[in-house]
Structure formats: C-alpha cells, structure tokens
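>>> Quick one, fold the following:
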Amino acid sequence: MKRNGFTLTELLVVIAIIATLAGIAFPVSRSFIGKSRQAACLTQLRSIGIGMQEYLQENNQTMPLLSPGRTSKTEDIPVLETVLLPYLQSPEAFRCPADKKQYDASGSSYLWNPTQNGLHVTKLAFFGVNNRPESIPLVFDKESWHPRGVNFLYADSSTSSEIRFSTGN
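Down below sits the predicted model:
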C-alpha cells in the first residue's frame, strides 16, 4: 500500500529552505523599510523648504530668528515648528517617519542651523563658504535615524543625505 504525502525528511528539508529564505529576506526587507523612511523624511524636508521659501517671500528674503530646537512642546521659544507652521499644512510636516521619540516630545524631528539666523539670503555662509547655497545646511535630522545617516535641507531648497559642506580648506 502506497501513501501519498511527505516523508519526515522531505518536510524537514522544506522547513530548512523556508527558514533560509526568511533569514535572507528579513535583513533585505528591513533595509528597504529604512530606505523608504529616509525617502519620506527627505520629502518632509522638501515641504519644510517650500514653507521656508514662502516665509522668505513674506519677510524680505531674511532668515527667521530661531532656536535650534526645543526639548519639550511646552517651551515657548521660536523654533522651526512654531514659526513655519503657518506655511505648512499640518504639524506632521515636522515628523520624520523614522523618528520614534523626538517628535512626540518636542514637536519636531528636525533642528535649525542657528548660524543663519536673521541673515539675508544673499549673505548666507557656513564654515566661511559664501554664495554656495547648495552647501549651506538650514535644517537637518535631530538624530541619525537613517541607513545613510542624517538628512539635510540646504539653502538652495534641495535635500540630501549627503554632506555637501566641509570644514577643511
């Protein structure tokens, strides 16, 4: 009499193959999730850049006077998420999808570069480099949540995870 079905050895081989494939797929899927969160964060920074451009148009092309960030939503100081909120659709514009703590505590996943406070857009400089807005960071992640590190919004309204400035000559 012949039975239909799997033998114990065949079943163990199939389970081992599935476990191996799952072991390979898990890190790959985590990498894809991390990269998608980084892309979403760059999109958030782009929207902050658009809000900044609107702010600049209404304020004679002069950067706002902001504190880098706050530790609690109850702090009453001018920060990115309070000054630019009227130019963006919602407070969620200041949340990086990879941020699990900072937004909930402070109201923003991002920090402002205070070296640009009150400067006219033609006078921006960073580490002594003038007239290169593509290398002057304005806003960046509070922490390194992404596979490639920190995301930046530069003065030319571009976003990148690449560092475009240098402290050396």
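
>>> give the contact list for residue 50.
87, 88, 157 (C-beta atoms under 8 Å, 6 or more residues apart in numbering). C-beta: built from backbone N, CA, C; applies to glycine.

>>> Now residue 14: closest residue in space, sequence neighbours ignored.
For residue 14, ignoring the flanking residues on the chain, the nearest one in space by C-beta to C-beta, 6 or more residues apart in numbering is residue 6 at 7.4 Å.

>>> so the spatially most central residue of the chain, which of the three states?
Against the mean C-alpha coordinate of the chain, by C-alpha atoms, centre = their mean, the closest residue is residue 41 at 3.8 Å. Of the three states, residue 41 takes helix according to DSSP: H, G, I helix; E, B strand; the rest coil.

>>> start the count at 42, not 1, going forward
New numbering, starting at 42: the last item is residue 82.

>>> Not counting its neighbours along the chain, what's nearest it?
residue 137 (4.2 Å).

>>> was I right about the one you found contacting residue 151?
Yes - using C-beta atoms under 8 Å, residue 137 makes contact with residue 151 at a distance of 7.1 Å.

>>> quick one: residue 77 is in a helix?
Yes - the assignment for residue 77 (three-state DSSP) places it in a helix.

>>> Give me the residue ranges of this structure where confidence is low.
Residue ranges of the chain with pLDDT under 70: 42-44, 67-75, 172, 208-210.

>>> Helices along this protein, start to end?
Secondary structure of the chain (DSSP state H): helices at 49-99, 121-124, 143-147.

>>> Return the most buried member of those.
Sort the helices of the chain by mean neighbour count, taking mean count of other C-beta atoms under 10 Å, and helix 121-124 sits at the top with a mean of 22.

>>> just to revisit the earlier point, how near is the residue nearest to the centre of the chain to residue 149?
12 Å (C-beta to C-beta, to the nearest Å).

>>> just residue 181 next, same as before
Residue 181 is 11 Å from residue 149, by C-beta to C-beta.

>>> what about the two, which has more around it?
Neighbour totals were compared for residue 181 and residue 149, and residue 149 leads with 26 against 21 (other C-beta atoms under 10 Å).

>>> Pairing partners for the strand ranked longest in the chain, with directions?
Longest strand in the chain, counting residues (DSSP state E): strand 178-182. Sheet pairing for strand 178-182, assigned by DSSP bridges, gives strand 151-153 (antiparallel), strand 193-195 (antiparallel).

>>> buried ones in that strand?
Going by neighbour count (16 or more other C-beta atoms under 10 Å), the buried part of strand 178-182 is 178, 179, 180, 181, 182.
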